[in-house]
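# Predicted coordinates and the sequence they were generated for:
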Amino acid sequence: DMKVTQMPRYLIKRMGENVLLECGQDMSHETMYWYRQDPGLGLQLIYISYDVDSNSEGDIPKGYRVSRKKREHFSLILDSAKTNQTSVYFCASSLTVNQDTQYFGPGTRLLVL
Amino acid sequence: GDSVTQTEGQVTVSESKSLIINCTYSATSIGYPNLFWYVRYPGEGLQLLLKVITAGQKGSSRGFEATYNKEATSFHLQKASVQESDSAVYYCALSFYNQGKLIFGQGTKLSIKP
């Protein structure tokens, strides 16, 4: 069963705390993505990972970093979270960067107080 | 840059009535984009509803249809008769070959009146 999982699903943090969002996929997809979605806006790409240790910035990378040490796992890290990082975060994967169908996780709702 | 516009943030349709959700795009990247509709049901991730990669062609899935109109730069989603189970948020998106990322519209929440 093709699946993208995200943990945690809900998270509340205080400003200045570190945040770790985890994403996993069981499809051996090369490419993985982190997006965020704010009210009234479409999903925006934060980072893209082409494979293990091969990551590139997306459109809004400031304040975020990522880690991909295994093909099936892709982490999003917020060092010293800010209130404007309150958002819903989606992870996605695709077979390769050229395969257009992306499979999405259920999202993580992050609130930074 | 490239962008996608969905003019309606929320649409309410009576059960068994027809639906149209508007989507237009603006693309400055070279070539023609691939166009997608994704759907997000409550509590779930986005899932692909349909995609069209050739201008002029129509995609269809689960009773939904969308035609890639490159002259009007539109990709409207239509369904002849909606059901309660169609309640969800619908996202129009585009991508260009080898860019990887999807560019999304803001989404349209569809509510069905019984």
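Cool, got the structure.

# For residue 72, list the residues it contacts.
You didn't say which chain, so I picked chain A. Counting by C-beta atoms under 8 Å, 6 or more residues apart in numbering or on different chains, A:E72 touches A:G24, A:Q25, A:D26, A:S28. For every residue, glycine as well, the C-beta is placed using N, CA and C.

# that answer is for a different chain, and I need it for chain B
B:T24.

# Could you give me the PyMOL syntax to select whichever of the contacts of A:E72 are buried?
Remark: buried members of these, expressed as a PyMOL selection using 16 or more other C-beta atoms under 10 Å in any protein chain shown:
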select buried, chain A and resi 24+25
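
# Just name the closest of the contacts of A:E72 to chain B, please.
Using C-beta to the nearest C-beta, A:Q25 is the member of the contacts of A:E72 that sits closest to chain B, with 11.2 Å.

# was I right about the closest one contacting A:V4?
Yes. Between A:Q25 and A:V4 there is a contact under C-beta atoms under 8 Å: 4.8 Å.

# so where do the strands sit in chain A?
For chain A, applying DSSP state E gives strands covering A:4-7, A:10-13, A:19-25, A:31-37, A:44-51, A:54-57, A:65-70, A:73-78, A:87-94, A:103-104, A:108-112.

# Would you reformat those strands as JSON lines and include mean pLDDT and distance to chain B?
Output for those, formatted as JSON lines (pLDDT from 0 to 100; distance: least, C-beta to the nearest C-beta, whole Å):
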{"stretch": "strand A:4-7", "mean pLDDT": "96", "distance to chain B": "6"}
{"stretch": "strand A:10-13", "mean pLDDT": "97", "distance to chain B": "12"}
{"stretch": "strand A:19-25", "mean pLDDT": "98", "distance to chain B": "11"}
{"stretch": "strand A:31-37", "mean pLDDT": "96", "distance to chain B": "6"}
{"stretch": "strand A:44-51", "mean pLDDT": "96", "distance to chain B": "4"}
{"stretch": "strand A:54-57", "mean pLDDT": "96", "distance to chain B": "9"}
{"stretch": "strand A:65-70", "mean pLDDT": "98", "distance to chain B": "14"}
{"stretch": "strand A:73-78", "mean pLDDT": "98", "distance to chain B": "14"}
{"stretch": "strand A:87-94", "mean pLDDT": "96", "distance to chain B": "7"}
{"stretch": "strand A:103-104", "mean pLDDT": "92", "distance to chain B": "4"}
{"stretch": "strand A:108-112", "mean pLDDT": "97", "distance to chain B": "11"}
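
# and those as TSV, adding distance to B:K113?
Formatted as TSV, these follow (distance: least, C-beta to C-beta, whole Å):
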stretch	distance to B:K113
strand A:4-7	32
strand A:10-13	30
strand A:19-25	36
strand A:31-37	26
strand A:44-51	32
strand A:54-57	44
strand A:65-70	43
strand A:73-78	39
strand A:87-94	27
strand A:103-104	28
strand A:108-112	28
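
# Spell out which residues are contacts of both of A:Q25 and A:V4.
A:S93, A:Y103.

# which ones are touching the residue of chain B found nearest chain A?
Using C-beta to the nearest C-beta, the closest approach of chain B to chain A is made by B:F104 at 3.2 Å. Counting by C-beta under 8 Å, 6+ apart, B:F104 touches A:G42, A:L43, A:Q44, B:V4, B:Y38, B:Y91, B:C92, B:A93.

# now B:Y97
B:Y97 sits in contact with A:N98, B:G31, B:N34, where contact means C-beta under 8 Å, 6+ apart.
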